[in-house]
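K.L.:
here is my input, please return the structure:
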Amino acid sequence: MPKNENRVRKRPLRMRGSNHVACLLCYLIAFAVPVAWEYAALCLIYPWKLAFTAPDLAAHVVNAFPALGGWLSPVAATASDGAFSLREMLIAREKVWLNALAISAGIAWEMTLLVQLLWRWTHRNPLCSARRTAGAIRSCRLALVIICLINAAMAAGVWLLGLCHVTGRTLWDYVVCFGMYALNPLAAAVVSRLAAPPAISGRHAYFKRI
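P.N.:
Numbering: from 1, shown residues only. Prediction:
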């Protein structure tokens, strides 16, 4: 009996790896939702509910950052009052506004994914897994705070440079402009809990094993 126990003890401990396909699908689904929402917001909701309500974003950016005047002056002139007919002016403003919303949302999405992947990359060591799991929970919450701050900063830029200048704002304006900044932290939280590295995850643990 003791010999059998010694044999069992001498066997190397094996840690069950995560399902890479399931983790990849979790990432794809979680981070595809904000992208799908942004596409629907800009290509479906905006033309349906907010057509021809875009602010003169280029002029507001030039006023806030005069150093960009040389680069944005042609764009501001195209979207300024009296440059073309009213319809052409509104179309030009709308094009600038929608492109800015897409770029801002894309930057926030990429930075969210980058921060989450950096967190995941730094918690793959299986040694002292119990202690590392406790530290991973704290760092996960810190990463989510950073992600929330990044998205809040991008949303603040959209508000200060554009949305606050829209007269007669409705709920649709806030939904279209800020929806993705709320979905990005949710996507990061989902993959952090469901697609964490196997070194810190378990079936009934804080980080779930899939």
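K.L.:
next structured bit after the longest helix along the chain?
P.N.:
What stands out as the longest helix in the chain, according to DSSP state H, is helix 86-121. With elements assigned by DSSP states H and E, the helix or strand that comes after helix 86-121 is helix 129-161.
K.L.:
what angle sits between that following helix and helix 86-121?
P.N.:
Computed by axes from the mean of the first three to the mean of the last three CA atoms, to 10 degrees, the angle separating helix 129-161 from helix 86-121 equals 170 degrees.
K.L.:
give the other helices and strands that helix 129-161 contacts.
P.N.:
helix 57-64, helix 86-121, helix 171-194 (3 or more CB pairs under 8 Å, 6 or more residues apart in numbering; DSSP states H and E). From N, CA and C alone the C-beta is placed, and that goes for glycine too.
K.L.:
to Tyr27, which of these lies closest?
P.N.:
helix 171-194 (5.4 Å; CB to CB).
K.L.:
mind listing what's buried along that closest one?
P.N.:
By 16 or more other CB atoms under 10 Å, the buried positions in helix 171-194 come out as 173, 175-181, 183-185, 187-194.
K.L.:
kindly format the C-alpha coordinates of it as PDB.
P.N.:
Provided in PDB are the C-alpha atoms of helix 171-194 (Å, rounded to 0.1, in the frame of the first residue of the first chain):
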ATOM      1  CA  LEU A 171     -32.800  59.000 -26.900                       C
ATOM      2  CA  TRP A 172     -31.800  57.700 -30.300                       C
ATOM      3  CA  ASP A 173     -28.800  60.000 -30.400                       C
ATOM      4  CA  TYR A 174     -27.400  58.600 -27.100                       C
ATOM      5  CA  VAL A 175     -28.100  55.000 -28.200                       C
ATOM      6  CA  VAL A 176     -26.300  55.400 -31.500                       C
ATOM      7  CA  CYS A 177     -23.400  57.400 -30.100                       C
ATOM      8  CA  PHE A 178     -22.700  55.600 -26.800                       C
ATOM      9  CA  GLY A 179     -24.100  52.000 -27.300                       C
ATOM     10  CA  MET A 180     -20.700  50.500 -28.200                       C
ATOM     11  CA  TYR A 181     -18.900  52.100 -25.300                       C
ATOM     12  CA  ALA A 182     -21.200  50.200 -23.000                       C
ATOM     13  CA  LEU A 183     -20.900  46.900 -24.800                       C
ATOM     14  CA  ASN A 184     -17.100  46.800 -24.900                       C
ATOM     15  CA  PRO A 185     -16.600  46.500 -21.100                       C
ATOM     16  CA  LEU A 186     -19.400  43.800 -21.100                       C
ATOM     17  CA  ALA A 187     -17.600  41.800 -23.800                       C
ATOM     18  CA  ALA A 188     -14.300  42.000 -21.800                       C
ATOM     19  CA  ALA A 189     -16.000  40.900 -18.600                       C
ATOM     20  CA  VAL A 190     -17.600  37.900 -20.400                       C
ATOM     21  CA  VAL A 191     -14.400  36.600 -21.900                       C
ATOM     22  CA  SER A 192     -12.500  37.300 -18.700                       C
ATOM     23  CA  ARG A 193     -14.800  35.000 -16.800                       C
ATOM     24  CA  LEU A 194     -15.500  32.400 -19.400                       C
END
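K.L.:
perfect, I'm done here.
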